[in-house]
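# Model the following, please.
(4 chains)
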Protein chains: 2
Amino acid sequence: MKIDPHSPADLSVQIASAIRDAIVAGDLIVDERLPSEAELCAQFNVGRTTVREALKRLAAQSLIRTQRGAAGGAFVNRLSFEEAQAQQITTSTLLLSMNAVSFDTACEARFALERACAPLSAQRRSADHLAAMRAEIHRQAQPGLTDESFCASDVAFHRALVDGAGNPVLSYQLAGAVEAMQPLMNMITFTARDRALIVEMHEEIADAMERHDSPAVEEGLTRLERETRALAMKALAERAARKQRAH
Amino acid sequence: MKIDPHSPADLSVQIASAIRDAIVAGDLIVDERLPSEAELCAQFNVGRTTVREALKRLAAQSLIRTQRGAAGGAFVNRLSFEEAQAQQITTSTLLLSMNAVSFDTACEARFALERACAPLSAQRRSADHLAAMRAEIHRQAQPGLTDESFCASDVAFHRALVDGAGNPVLSYQLAGAVEAMQPLMNMITFTARDRALIVEMHEEIADAMERHDSPAVEEGLTRLERETRALAMKALAERAARKQRAH
DNA sequence: AAACAATAAATGTCTGACATATGAAAATCG
DNA sequence: CGATTTTCATATGTCAGACATTTATTGTTT
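Numbering: from 1, shown residues only, chains lettered A, B, ... in the order given. Next comes the predicted model:
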């Protein structure tokens, strides 16, 4: 692990890369302790500031964790599904908002991925998953619910569906897609009628899940996608019209 | 944006969180310049070291970029699909390797997601995507290919399939799933017979894509999944047997 | 033996200094 | 006057040294 002091890249970036590569390559295993900051200084022949900034970079990616005190130091972190998921969600959210991804594009991707889980989830879902879906439907039908809460419940419903597949890799991959949609959905105001329609389709999907009827789940998701896109289009058109009138 | 100097959390973590939240909330927009390090020191009432470590954390997540010189500073970075994808791939790869995710689980997730793209890709794929797939098939059929190159070509084939859907969100989400599988696949040594079988199924899929025949693509992917899992199981069994004999 | 205190080792933070890159203004030259 | 070069101001990048804080270990006392 050597670095080039004359490279145009910052030293702390180079050091972070070197350590990251060692982790990815398996040269440093989970829970293994890295050399202390002082040792790393000597090893790379740089100041402590530089080493520390490199370590902070790695910590920001959850690749290492640090502990203070006598037996402290930097340790290779076991990347958990939860951490990875949280990171993926913020990344996906920013990606959509910063690149002006259209509602249609995001919606299409989300439902395509979700349909991919349908066969597995319909087959394997536990009673808990089904109960979670029913509970969210019940929440969604309550009259006083704010738009944000309605959308949050919608997300929870779909996550229960995805988790029903019992495949953590699938759940992880989809969390980003589903959660990242929420800010886009929040821009839409659903009328009471709209909500009723969505609740109805959720019930249809839950019923199909109860019967382990995979084709019906896929069918329900496809209908839900169609309706969601139609509602979104209507909401966006109305917003545009209001803007027009304002001028 | 205030921080608590008596919190158990490190100051640099708190500052990074505060700025990150401002970016996600849209208070800081793309390409906007953050206050200089000196100004941030005054604003948060901390030393420059602390501010810099916070900025490095954000830079590690591609949320900001920094520029030296007179008009330099830290700027909110537009997260590109490429950057996000690269991050997602390393995260997914580590996630699989560190959590001892079984080949079956990863394989199931990957093919489920890929089948989700099939209808869109079969319908919309351009001539370029098809040509890319054919080119990779041709590479895979060459006799002298190393195992790594064969797997790399396999990944390229599947990425072309996914990209054919013309949905950048879908491509982004799937890149992680497909690429993260590569190290697991690399652990398997395919015999010439195995390779021929895989190439044959790739051709079947490419043919279906050419005819815009979505069900046939899905069918092909399902068969490919079945064969891949069978080959992997055989390879792992042989490896175990060799180990047994060694003792 | 248990409780407490001292110690040592590590990270976290602050300060001040210098190195380096870079844009803009000022000075110089044709 | 216009183009080129120099200078300068302003940032970030790096270093060194100090002190604060946390924490496991070790030693001491009761």
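# Tell me who's in contact with residue A:210.
residue A:130 (CB atoms under 8 Å, 6 or more residues apart in numbering or on different chains). Where C-beta positions appear, they are placed from N, C-alpha and C, glycine not excepted.
# so what pLDDT did it get?
Residue A:210 carries a pLDDT value of 96.
# Can you tell me how far it is from residue A:127?
Residue A:210 sits 10 Å away from residue A:127, going by CB to CB, to the nearest Å.
# and if you look at residue A:78?
For residue A:78, the distance to residue A:127 equals 31 Å [CB to CB].
# quick one: secondary structure of the most centrally placed residue in chain A?
For chain A, the residue nearest the mean C-alpha position is residue A:176 (2.3 Å; CA atoms, centre = their mean). Under DSSP: H, G, I helix; E, B strand; the rest coil, the three-state class of residue A:176 is helix.
# is it true that it touches residue B:175?
No: in this structure residue A:176 lies outside contact range of residue B:175 using CB atoms under 8 Å: 12.0 Å.
# Would you mind listing what in chain A touches DNA strand C?
A:36-38, A:48-49, A:52, A:55, A:66-70, A:72-74 (CB under 7 Å from any atom of the strand).
# how does it look with 10 Å?
Proximity of chain A to DNA strand C, by CB under 10 Å from any atom of the strand, involves residues A:5-6, A:8, A:33-41, A:47-49, A:51-52, A:55-56, A:59, A:65-75.
# quick one: the helices in chain A?
A:11-25, A:37-44, A:48-60, A:81-98, A:103-124, A:127-141, A:147-163, A:168-186, A:192-210, A:214-246 (DSSP state H).
# As CSV, those helices with distance to residue B:87 would be great.
CSV is the format used below for the helices of chain A (distance: least, CB to CB, whole Å):
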stretch, distance to residue B:87
helix A:11-25, 11
helix A:37-44, 24
helix A:48-60, 11
helix A:81-98, 7
helix A:103-124, 18
helix A:127-141, 30
helix A:147-163, 22
helix A:168-186, 12
helix A:192-210, 33
helix A:214-246, 28
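# surely residue A:107 meets residue A:227?
No: if you go by CB under 8 Å, residue A:107 and residue A:227 don't touch, sitting 10.9 Å apart.
# Same drill for these two, tell me which one is more crowded.
residue A:107 (19 against 15; other CB atoms under 10 Å in any protein chain shown).
# confidence score at that one?
90.
# residues contacting it?
Contacts of residue A:107 (CB under 8 Å, 6+ apart): A:181, A:225, A:228-229, A:232.
# rerun that using 6 Å as the cut-off
residue A:229 (CB atoms under 6 Å, 6 or more residues apart in numbering or on different chains).
# gap between it and residue B:118?
Distance from residue A:107 to residue B:118, counting by CB to CB: 18 Å.
# rewinding a little: could you flag which of the residues of chain A next to DNA strand C are buried?
Buried members of these, counted by 16 or more other CB atoms under 10 Å in any protein chain shown: A:34, A:37, A:40-41, A:49, A:51-52, A:55-56, A:59, A:66, A:73-75.
# Farthest pair within those?
Spatial extent of these (CB to CB) is set by the pair A:49 and A:75 at 21.2 Å.
# and chain A, what are its domains?
Following automatic domain parsing, chain A resolves into domains at A:11-76, A:81-246.
# Average pLDDT for the shortest one, rounded please.
So the one you mean is domain A:11-76. 96.
# Near residue A:111, how many other residues are there?
Using other CB under 10 Å, residue A:111 is surrounded by 22 other residues.
# quick one: the residue nearest to it when sequence neighbours are not counted from DNA strand C, how far?
Distances taken as CB to CB, 6 or more residues apart in numbering or on different chains place residue A:225 nearest to residue A:111, at 3.9 Å, with adjacent residues excluded. For residue A:225, the distance to DNA strand C equals 46 Å [CB to the nearest atom of the strand, to the nearest Å].
# Then residue A:168?
30 Å.
# measure the spatially closest residue to that residue that is not a sequence neighbour to residue A:130 for me?
Leaving aside its sequence neighbours, residue A:168 sits nearest to residue A:81 (CB to CB, 6+ apart; 5.5 Å). Residue A:81 is 22 Å from residue A:130, where distance means CB to CB.
# near DNA strand D, which residues of chain A?
A:3, A:5, A:7, A:9-15, A:37, A:41-42, A:44-54, A:67-72.
# Close to chain B as well: tell me which of those residues qualify.
Within the set of the residues of chain A next to DNA strand D, contact with chain B (CB under 6 Å from any CB of the partner chain) is found for residue A:53.
# how about the residue in chain A that DNA strand D sits nearest to, phi and psi?
In chain A, the residue that lies nearest DNA strand D is residue A:69 (2.0 Å; CB to the nearest atom of the strand). Dihedral pair for residue A:69: phi 100, psi -180, per degrees, to the nearest 10.
# ok, residue A:204 to residue A:217 distance?
Applying CB to CB, the value for residue A:204 to residue A:217 is 9 Å.
# And for residue A:191?
Using CB to CB, residue A:191 is found at 26 Å from residue A:217.
# Give me the more crowded residue out of those two.
residue A:217 (27 against 11).
# how many neighbours does residue A:100 have?
As a measure of burial, residue A:100 has 6 neighbours, counting by other CB under 10 Å.
# Could you measure from it over to residue A:184?
On the measure of CB to CB, residue A:100 and residue A:184 end up 11 Å apart.
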